[in-house]
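Chemist: How does the following fold in three dimensions:
(one chain, ligands or ions: 1)
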Amino acid sequence: FIYHNEDKAKKIWELMQTYQGVDQKSIQRSIVNHVEYTLAMTRFNFSDFGCYQATAFSMRDRLLESWNDTNQYFTTHNVKRVYYLSLEFLLGRLMQNTLNNINMEKNYREALLDIGYDLERLYDEEVDPALGNGGLGRLAACFLDSLATLEVPAWGYGIRYDYGIFKQVIRDGYQCEVPDFWLSGGNPWEIERPEVVYPIRFYGYTEKYEENGVERAQWKGGEIVMAKAYDTPVPGYNTFNCNNLRLWKSLPAQEFDFQSFNKGDYLSSVEMKQRAEYITSVLYPNDNSQEGKELRLKQQYFFCSATVRDVIRRFKKNNSDWKDFPKKAALQLNDTHPAIAAVEFLRILIDEEKLDWGEAWKILHSSFSYTNHTVLPEALETWSVGLISHLLPRHMELIFLINHYFMEDIAKKYPGDYQRMEEMSIIAEGDDKQVRMANLCILCSHKVNGVAELHTKLIQETIFKRFHEYFPNKIENKTNGVTPRRWIHCANPKLSDLITEALEDSEWIGELERIEYLENFAEDEEFVQKWIDIKKQNKEKLAAKVKEVLGIKIPVNALYDVQIKRIHEYKRQLMNILYVIHRYLTLKDMTPGEREKVVPRVVIIGGKAAPGYHNAKAIIKLVNAVGDIVNNDKDIGDILKVIFYPNYCVSAAQTLIPASELSQHISTAGMEASGTSNMKFVMNGCLIIGTMDGANVEISEEVGEDNMFIFGARVHEVDDIRHRLFAGEHNPIGKRLQRVFDAILSGTFGDVSIIHPIIHSLMDGKDYYLVTEDFDSYVKAQNKVDDTYRDQKKWNMMSILGVSRSAKFSSDRTIEEYCDSIWKVDRIPIPTPSDS
Ligand code: CBF
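Modeler: Reported below is the predicted structural model:
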């Protein structure tokens with residue numbers, strides 16, 4: 001109404017007086033007002049947590065001003081928007097990031113200090129919103145930050161799970177999972193939208209009817225669940241633009257089924273309510289593997305249907321011609337998890353909007369695109385035809401139709417090539433027919449992308465080979481990136497200040513290309529000394545945290561060697577710990593004098609294993625068991641420490657990464673699609689030991705192979721080696737590794753029988769991940785690490801060069817590429833209040 005009723009708008013504006021002031025009094029007033037009026041706490045005595053909440057509310061007020069203005073502006077100007085559909089958003093804490101983006105950290109720090117509160121302590125009061133598993137969810141969060149920073153009109157859409165990724169607790173060396181009810185203290189960042197609700201149907205049947213000579217279908221019956229929206233403002237860095245993340249929560253369609261209630265069936269009506277609420281209750285804790293449960297498919301459809309309806313409603317507010325839809329909306333599918341959104345969109349266009357197939361298909365295809373994040377077969381989603389037909393009967397019909405038309409085209413182009421048809425079909429035939437979600441996504445999208453050059457090449461040549469032949473311009477690369485705001489500026493404020501001092505301004509935070517200039521300081525003694533001091537302070541901070549969490553004292557003069565990521569066999573944490581054992585046994589052989597010459601190391605491994613992933617859990621137990629022995633061995637003292645860092649999460653990463661000197665990205669070549677923590681480590685001056693896999697390849701192109709420790713089999717060698725190993729033609733295990741295996745099997749590290757079957761299969765050559773094969777070159781690379789670390793001048797130069805050459809890995813670059821070649825969307829800076 002602001003634009004239709006000037007007088008009313010003016011009056012309301014006068015009542016509001018102005019935007020929130022940035023001076024100390026205004027900040028303090030807004031905080032204490034929230035203590036009194038929002039939290040209903042006494043303003044005379046409120047805890048750090050109360051202060052955190054009130055501060056967050058006061059920040060949210062500010063965000064709402066820009067958030068409302070941004071959305072109003074985009075609506076009035078009817079701009080094209082990007083919609084990023086993701087089942088996961090691994091946001092991490094919001095307070096520090098928000099204050100930095102709106103450039104108010106200093107103002108808030110001083111205002112709080114003046115009333116007796118320490119901003120850093122408040123940061124620690126925030127729970128991590130952990131609505132994601134790992135790389136894929138964290139990437140979505142980095143993208144949100146870059147989209148807002150680049151002033152791209154964009155909304156993220158996801159699920160507001162009641163329980164995020166579980167909390168990992170270690171008991172007797174084993175992982176235990178504890179539920180993460182992250183909302184128990186409330187969530188001051190979100191805005192509940194009781195007015196934005198959509199009914200979502202499940203089950204039921206389709207009814208065919210004729211209208212104006214055309215056969216039409218309608219989906220009827222079944223069960224209805226409501227989707228309610230919760231919004232979180234997403235501010236950009238150094239801009240007034242503020243985007244939105246909309247998360248859906250499931251609710252019963254009506255509080256009680258009064259019919260059952262009146263019939264006295266009170267319990268079944270309560271059950272129905274719980275069944276509805278259950279849909280968005282928990283994030284499935286699987287990374288890179290599918291959980292084929294009905295509830296998971298329900299989550300996917302629930303979220304997709306609400307999102308598509310919301311996007312369509314927004315489109316229809318300002319547009320009447322469906323042909324314009326692709327000019328107003330670009331929908332990105334973050335992996336196949338939201339694939340059913342494409343079918344839901346088609347269903348609405350055909351069954352509800354009454355478009356014909358050809359028109360609807362064209363609109364769908366021009367507005368949807370899909371990102372593939374893995375080649376691992378266990379992560380490529382399929383759903384049984386039976387389950388989809390039961391849960392979403394109309395969608396199954398449409399999937400069959402899409403496939404039917406597609407198969408006709410293939411048959412025309414490749415007559416008689418049934419093998420090709422079988423491979424490209426959306427339906428995998430067999431006793432239990434399956435829908436291949438990736439094939440569905442490729443067909444429905446105008447663009448498909450991989451997440452690193454090597455990964456894209458692999459999908460073009462392997463899993464999507466046939467599609468690449470058929471649609472030669474469809475599959476392209478978009479190398480991942482990470483936001484320098486969270487991963488340098490917030491995580492490593494001292495380093496950020498040093499870079500700003502050297503570059504003489506802070507523009508690099510929003511334009512990472514500028515960091516290149518740092519190269520000029522790689523040999524500047526004064527600068528290098530400051531660099532060293534900062535790393536040392538970050539190590540001290542981490543050492544204090546390790547002492548607090550685990551009660552273990554780690555030396556600050558040691559090389560900090562870190563591998564933090566989900567525990568997965570392909571990521572080869574096992575190879576890391578086998579090497580640690582080798583190092584330990586070698587140290588034990590030495591005289592005290594010889595030991596003194598060794599570079600001391602602190603090896604830190606952290607990450608969660610999916611609760612049902614037995615081998616990953618066995619690896620965690622082994623790491624803990626090795627730590628127990630090594631850390632208490634008097635001969636070894638401070639020369640080697642082994643830490644399993646529990647409950648690895650975004651905020652833990654923000655402490656671990658700035659303190660690391662060496663980080664491990666050692667997956668079997670061809671198995672890690674990209675990796676993104678490798679990028680964060682490089683940006684924080686940490687050197688990489690890694691294989692030529694995923695984005696490591698591009699990192700080595702940027703920073704130079706000499707500035708990394710690269711080892712192991714290359715992608716093109718892996719298949720042959722594996723073949724050889726499984727044919728029983730494996731080389732005998734080398735002496736060093738055999739000694740490590742013997743130590744494990746003979747009980748040097750206590751009862752680790754859980755890992756024995758894995759060790760036995762490695763000895764038998766059943767080594768799918770090439771641990772035994774790559775071990776020798778890994779040891780060589782590790783020796784080179786030690787030698788290089790002895791030469792601190794060289795090490796620090798490599799570290800500085802890495803940072804100065806890391807610009808490519810900013811998610812701003814990635815997002816710009818998506819905007820240009822996939823979404824075709826413009827940057828729209830909205831006028832700041834002073835301009836309007
Ligand atoms: O593309 C983001 C990340 O996604 C994964 O985590 C995934 O879930 N498939 C991959 O494993 C990573 O390599 C990738 O960086």
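
Chemist: With adjacent residues omitted, what lies nearest to the closest residue to the ligand within the chain?
Modeler: The ligand sits closest to G135 of the chain, with a gap of 2.6 Å, by C-beta to the nearest ligand atom. Any C-beta I mention is one placed from the backbone N, CA and C, and that applies to glycine too. The spatial neighbour of G135 that comes closest, neighbours along the chain excluded (C-beta to C-beta, 6 or more residues apart in numbering), is T676 at 5.3 Å.

Chemist: so V127 sits in a helix?
Modeler: No - per DSSP: H, G, I helix; E, B strand; the rest coil, V127 lies outside any helix segment and is coil.

Chemist: Pull the contacting residues for it.
Modeler: 93, 182, 185 (C-beta atoms under 8 Å, 6 or more residues apart in numbering).

Chemist: Give me the buried entries from those residues.
Modeler: 93, 182 (16 or more other C-beta atoms under 10 Å).

Chemist: Quick check: which ranges of the stretch 201-350 of the chain have low pLDDT?
Modeler: 255-261 (pLDDT under 70).

Chemist: Tell me the spacing between V32 and A341.
Modeler: For V32, the distance to A341 equals 44 Å [C-beta to C-beta, to the nearest Å].

Chemist: higher neighbour count, the two?
Modeler: Remark: of V32 and A341, A341 carries more neighbours, 27 against 17, as counted by other C-beta atoms under 10 Å.

Chemist: where does that one fall, helix, sheet strand or coil?
Modeler: helix.

Chemist: Likewise for D693?
Modeler: coil.

Chemist: and this structure, what are its domains?
Modeler: 22-76+103-127, 80-92+129-479, 484-809 (automatic domain parsing).

Chemist: Any chance of those domains in a markdown table with distance to V825 as columns?
Modeler: Shown next, in a markdown table, are those (distance: least, C-beta to C-beta, whole Å):
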| stretch | distance to V825 |
| --- | --- |
| domain 22-76+103-127 | 11 |
| domain 80-92+129-479 | 5 |
| domain 484-809 | 19 |
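
Chemist: Write out the residues of this protein neighbouring the ligand.
Modeler: 134-136, 139, 287-288, 373-374, 451, 480, 672-676, 694 (C-beta under 6 Å from any ligand atom).

Chemist: between those residues, which has the most around it?
Modeler: Of all the residues of the chain next to the ligand, E672 has the most neighbours under the rule other C-beta under 10 Å, reaching 31 neighbours.

Chemist: show me the contacts for it.
Modeler: 570-571, 665, 693-694, 696.

Chemist: so which two of those are the farthest from each other?
Modeler: Y570 and N696 (13.8 Å; C-beta to C-beta).

Chemist: Between these two, tell me which one has more neighbours.
Modeler: Legend: neighbour count by other C-beta under 10 Å for Y570 and N696, higher for N696 (26 against 16).

Chemist: if you skip the residues just before and after it, what's nearest to that one?
Modeler: For N696, the spatially nearest residue (C-beta to C-beta, 6+ apart) is G690, at 4.5 Å.

Chemist: Could you verify my assumption that that neighbour touches H665?
Modeler: Yes - assessed by C-beta atoms under 8 Å, G690 is found in contact with H665 at 3.9 Å.

Chemist: would you list the contacts of V127 in a markdown table and tack on distance to G264?
Modeler: Converted to a markdown table, these look like this (distance: C-beta to C-beta, whole Å):
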| residue | distance to G264 |
| --- | --- |
| R93 | 49 |
| W182 | 38 |
| G185 | 39 |
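
Chemist: Spatially nearest residue to R827 (excluding sequence neighbours)?
Modeler: E151 (4.5 Å).

Chemist: returning to that earlier point: now, among the contacts of V127, which is nearest to R62?
Modeler: Nearest to R62 among the contacts of V127 is R93, at 17.6 Å by C-beta to C-beta.

Chemist: and G510, how far is that from M679?
Modeler: 17 Å.

Chemist: Pick out whichever of the two has more residues nearby.
Modeler: M679 (28 against 19).

Chemist: Distance of the nearest residue to the more buried one once chain neighbours are set aside relative to G134?
Modeler: Of all residues not flanking M679 in the chain, F809 sits nearest, at 3.8 Å (C-beta to C-beta, 6+ apart). Relative to G134, F809 is positioned 17 Å away (C-beta to C-beta).

Chemist: And K545, by the same measure?
Modeler: In terms of C-beta to C-beta, K545 sits 21 Å off from G134.

Chemist: A695 too?
Modeler: 15 Å.

Chemist: R193 now?
Modeler: From R193 to G134 the distance is 29 Å (C-beta to C-beta).

Chemist: same question, I564
Modeler: Taking C-beta to C-beta, one finds I564 at 10 Å from G134.

Chemist: Count the neighbours of the residue nearest to L518 when sequence neighbours are not counted for me.
Modeler: Nearest residue to L518, sequence neighbours excluded (C-beta to C-beta, 6+ apart): S804, at 3.8 Å. Neighbours of S804 under the rule other C-beta under 10 Å: 21.

Chemist: just the residues of the chain next to the ligand now: which is nearest P555?
Modeler: Each of the residues of the chain next to the ligand was checked against P555 using C-beta to C-beta; the closest is G675, at 28.7 Å.

Chemist: so who does the closest one touch?
Modeler: So G675 contacts 135, 452, 565, 665, 667, 693-696 (C-beta under 8 Å, 6+ apart).

Chemist: Now the helix or strand hosting T232: buried residues?
Modeler: Element membership for T232, per DSSP states H and E: strand 223-235. With burial defined by 16+ other C-beta under 10 Å, the residues of strand 223-235 counted as buried are 225-235.

Chemist: With distance to E408 added, can I get those residues in TSV?
Modeler: Conversion of those to TSV gives the following (distance: C-beta to C-beta, whole Å):
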residue	distance to E408
V225	36
M226	39
A227	36
K228	42
A229	40
Y230	44
D231	43
T232	45
P233	47
V234	43
P235	49
